[in-house]
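Q: From the sequence below, what's the structure:
(2 chains)
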Amino acid sequence: DGGITQSPKYLFRKEGQNVTLSCEQNLNHDAMYWYRQDPGQGLRLIYYSQIVNDFQKGDIAEGYSVSREKKESFPLTVTSAQKNPTAFYLCASSIARRGGSTQPQHFGDGTRLSIL
Amino acid sequence: GDSVTQMEGPVTLSEEAFLTINCTYTATGYPSLFWYVQYPGEGLQLLLKATKADDKGSNKGFEATYRKETTSFHLEKGSVQVSDSAVYFCALSVASGGYNKLIFGAGTRLAVHP
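A: Numbers count the residues shown, from 1 in each chain, chains lettered A, B, ... in the order given. Sure thing, here's the model as predicted:
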């Protein structure tokens, strides 16, 4: 079955440490996204990528970095500059084309990041 | 700017009750509208969508109609089950800079009791 795999499911970060969250998709989607979800809030966009080797900042990119070296993979690094990293992180993908707003995004099961 | 407003939860219902979760939106252009559902500890799953005015999306007994005149996309189900307990997110999608930007409401938690 096609889908999006996020790992690990739970992750703990020490102060001053960078951690990387994995996201892999086999849906052959061009576009991939990272969202942050805080309790009682909707999702906020961190970064997105429409094509390999290209990515753009979303609404809350500070303290995060991404790479897109392969179509299938879009890892997110939470750097030590992110002072409040505790949250649920969701990766998504979609077909990317002009006028593609009718296409839904497909989500992984998320990674819950906590601070030790 | 573009935004989505959902009714605050939690919504608590008995099994077989009628469900309505209100959603209104503000958008320039012609957005597509979605309802996503999130079960505990999981990611979001697409529940239904509508891409133009007067479209009705439906899935698993849930329905929502795209009402442009009232800028609304309310979610309804005639008879809820315990297994419907989850958080429901209304979202709109607009084409922005060549990609489909998805804007979410804050989510509404539904708890269904036997």
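
Q: from here on, contacts and neighbour counts on C-alpha atoms
A: Noted.

Q: what about residue 53, neighbour count?
A: Picked chain A for this. 11 (other Cα atoms under 10 Å in any protein chain shown).

Q: if you could check chain B rather than the one you did, that'd help
A: 16.

Q: correct me, but it touches residue B:64?
A: No: the criterion here is Cα atoms under 8 Å, and residue B:53 misses it with residue B:64 at 11.5 Å.

Q: Pull up the gap between residue B:105 and residue A:107, please.
A: Plainly put, residue B:105 is 16 Å away from residue A:107 if you go by Cα to Cα, to the nearest Å.

Q: the more surrounded of the two?
A: Applying other Cα under 10 Å to residue B:105 and residue A:107 shows that residue A:107 carries more neighbours, namely 25 against 22.

Q: which residues sit in contact with the closest residue to the more buried one other than its chain neighbours?
A: Closest residue to residue A:107 apart from its sequence neighbours, by Cα to Cα, 6 or more residues apart in numbering or on different chains: residue A:92 at 4.3 Å. Residues near residue A:92 by Cα atoms under 8 Å, 6 or more residues apart in numbering or on different chains: A:4, A:32-35, A:105-108.

Q: again, only this time at 7 Å
A: A:32-34, A:105-108 (Cα atoms under 7 Å, 6 or more residues apart in numbering or on different chains).

Q: tell me the mean pLDDT for the one helix or strand it maps to?
A: If you go by DSSP states H and E, residue A:92 is part of strand A:87-94. In this model, strand A:87-94 has a mean pLDDT of 95.

Q: One more: stretch A:18-38?
A: 95.
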